[in-house]
Every structure is written in C-alpha cells, then in structure tokens.
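>>> Have a look; sequence and predicted model below, questions after that.
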Amino acid sequence: MKICTIKATPEWLSTESVQYIAECLEACEDASMLADLRAIFPREALTQGSRFVNMKQREMLKIWLDDLNQQAA
C-alpha cells in the first residue's frame with residue numbers, strides 16, 4: 001500500500017485544495033478509497049481536509065485508517 005511522502009506545500013494547504021480534499025474524504029465509501037487518497041494527497045493536507053468532514057464520516061475514516069495501518073504493520 002503506497003502512502004504519499006511529499007511534503008504539503010502552500011498550494012496543498014490552500015483553502016481551495018483543503019476543501020477539495022474534504023470533499024474527497026466525505027465521498028469515501030471504504031478503506032480502499034481512503035488508501036487511494038493516502039497515495040495521492042500529502043498527510044498534512046489530508047489532516048487539514050478531515051477537519052471539514054462530518055462527524056459520522058470522520059469516525060468511519062478513523063476506523064478505516066486504523067485498519068490500513070494494521071495491514072501495513
């Protein structure tokens with residue numbers, strides 16, 4: 001499973017980019033989709049975007065993230 005290793009530049013952390021990432025996270029339906037987003041977006045940008053996701057979806061993201069991290073261990 002690939003994880004994006006680039007540093008989040010100011011462009012990644014712009015309001016527009018963070019909102020787009022939040023929309024992508026909101027649309028996530030399973031751990032596989034989250035894994036794809038982790039391969040595309042820098043970690044810090046995903047963290048910023050997750051702050052704008054509704055609470056129910058955020059809880060699902062945490063569960064999927066835990067699953068993905070366990071698979072990688």
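All right, it came through fine. Numbering: from 1, shown residues only.
>>> middle-most residue in the protein, spatially?
Computing the C-alpha centroid of the chain and ranking residues by C-alpha atoms, centre = their mean puts residue 46 first, at 4.0 Å.
>>> what about that one, distance to residue 59?
Here residue 46 is placed at a distance of 16 Å from residue 59 (C-beta to C-beta, to the nearest Å). All C-beta spots, glycine's among them, are computed from the backbone N, C-alpha and C.
>>> From residue 14, how far out is residue 8?
Computed as C-beta to C-beta, the residue 8 to residue 14 distance reads 10 Å.
>>> Neighbour count for those two, which is higher?
Taking other C-beta atoms under 10 Å, residue 8 and residue 14 do not tie; residue 8 has more neighbours (18 against 13).
>>> Please report phi then psi for the closest residue to residue 25 other than its chain neighbours.
Nearest residue to residue 25 in three dimensions, chain neighbours excluded: residue 53, at 5.0 Å (C-beta to C-beta, 6 or more residues apart in numbering). Backbone torsions of residue 53, given as degrees, to the nearest 10, read phi -90, psi 140.
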